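Asker: Fold the following for me, if possible:
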Amino acid sequence: MIVQLGEDQTLEEARSAALRFVLETKAPVVGHLAEAAPPRRWRPSKRLLHIERERFNHKVAMTPVVVAAIRHAMSEIFGEFRLEANLREDDKQKKAANKINAAPLAAALKKSLRPVYEEGVRSANAELGATARFVSRVDEINPTGALDALYARTLEFAREVTDREKVGIKDILLRSIADGLSGVEAGERISEYLAEGIHVNTDRALNLDSWAEMVGRTEVSQAHNDAIFAVYEAAGVAQWRFMTSEDDRTCPECEDLDGEVFDLNEGEEPPIHVLCRCTSVSVEAGYDGDDGDVLAGEGE
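Answerer: Sure, this is the predicted structure:
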């Protein structure tokens with residue numbers, strides 16, 4: 001499912017439509033849910049399973065909007081470069097490369113990820129508010145410092161992306177001049193370079209759709225988990241547990257961490273890699289009477 005924003009449709013309206021689709025049809029928008037999964041090393045409570053599944057579904061629903069915003073921003077950045085470069089004259093090509101900037105991508109990430117962050121805050125408040133230890137202390141905690149940090153991180157990421165493309169284009173220009181090529185021939189080389197897609201390093205590029213999907217899914221997971229940990233810290237949570245989606249797409253690295261408990265601000269917080277779908281839950285939220293969560297072999 002790809003979300004296309006209508007001329008008069010806001011990101012929030014598109015996000016809500018996608019969320020209704022997922023929750024009403026129970027159909028995941030990104031990826032799939034495996035029917036069979038390997039046995040867990042621990043036994044999560046029904047409450048924890050509900051929290052993980054709800055978070056997964058909300059992230060799935062919000063991802064297409066973020067992906068669409070990223071795709072639009074990158075198309076804008078390089079569309080303007082092509083207009084200004086005049087791929088027939090190398091001096092204009094160099095000036096246009098210098099003017100490539102991160103602003104459209106940074107703005108797209110900032111706008112589209114804010115609802116994701118807010119959903120993470122809501123989810124963490126709901127988790128802690130249903131726990132006896134926190135019920136009287138959690139009153140819609142909404143830490144803004146972590147949101148500012150999120151914006152700073154996305155701006156840094158946007159700059160890294162556009163700077164990498166700038167370097168690639170300028171390198172082509174320098175090599176073209178050294179090879180004695182005309183502006184037209186240099187322009188052809190640049191066009192071929194841009195046609196490769198978005199460069200993740202000097203040797204590899206992904207087409208725009210694949211790159212936007214990868215970045216969108218990862219950034220949604222990052223923003224959502226950033227919000228959860230910000231609420232945990234503000235509420236005084238002492239420990240958290242790593243929790244995977246536990247299906248046949250769970251990687252060995254995450255599977256090894258599934259169920260592990262860490263003190264707050266310790267341990268490797270999800271997402272721990274690109275496209276990671278894992279989440280965190282406070283240890284306090286898991287104890288649910290006789291339905292408590294334990295590691296396999298503990299208390300059995």
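
Asker: Pull out the buried positions in stretch 256-267.
Answerer: By neighbour count on 16 or more other CB atoms under 10 Å, the buried set for stretch 256-267 is 257, 258, 259, 262, 264, 267. All C-beta spots, glycine's among them, are computed from the backbone N, C-alpha and C.

Asker: contact partners of it?
Answerer: 40-42, 44, 229, 232-233, 237-244, 246, 250, 268, 272, 278, 283, 293, 295 (CB atoms under 8 Å, 6 or more residues apart in numbering).

Asker: now do the same end-to-end measure for it.
Answerer: 13 Å (CA to CA, to the nearest Å).

Asker: Could you look up the next helix or strand downstream of the longest helix seen in the chain?
Answerer: Once the chain is assigned using DSSP state H, the helix that runs over the most residues is helix 46-85. Reading on from helix 46-85 to the C-terminus, the next helix or strand found by DSSP states H and E is helix 90-99.

Asker: Show me which residues of that following helix are buried.
Answerer: For helix 90-99, using 16+ other CB under 10 Å, the buried residues are 90, 93, 94, 96, 97.

Asker: Please apply the same query to stretch 159-179.
Answerer: Applying 16+ other CB under 10 Å to stretch 159-179 flags 161, 162, 165, 166, 168, 169, 172, 173, 176 as buried.

Asker: can I assume the third one sits in a helix?
Answerer: Yes. Assessed with DSSP: H, G, I helix; E, B strand; the rest coil, residue 165 lies in a helix.

Asker: Can you name the residues that contact it?
Answerer: Per CB under 8 Å, 6+ apart, neighbours of residue 165: 78, 100, 198, 199.

Asker: That one and residue 144, how far apart?
Answerer: 32 Å (CB to CB, to the nearest Å).

Asker: Could you pull up phi and psi at the most centrally placed residue in the chain?
Answerer: For the chain, the residue nearest the mean C-alpha position is residue 219 (1.5 Å; CA atoms, centre = their mean). When read as degrees, to the nearest 10, the backbone of residue 219 gives phi -70, psi -30.

Asker: Verify the stated contact: it with residue 113.
Answerer: Yes. Using CB atoms under 8 Å, residue 219 is in contact with residue 113, at 6.1 Å.

Asker: For the contacts of stretch 256-267, which ChimeraX command selects only the ones that are buried?
Answerer: To isolate the buried members of those in ChimeraX, using 16+ other CB under 10 Å:
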select :40,42,44,229,232,237,240,241,242,243,244,246,250,272,278,283,293
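
Asker: Helices - which of the contacts of stretch 256-267 land there?
Answerer: 229, 232, 233, 283.

Asker: okay, these in CSV with pLDDT next?
Answerer: What follows is the ones in helices among the contacts of stretch 256-267, written out as CSV (pLDDT from 0 to 100):
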residue, pLDDT
229, 95
232, 92
233, 91
283, 87
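
Asker: Return the closest of those residues with respect to residue 70.
Answerer: residue 229 (23.6 Å; CB to CB).

Asker: Excluding chain neighbours, what is closest to the closest one?
Answerer: residue 269 (6.2 Å; CB to CB, 6 or more residues apart in numbering).
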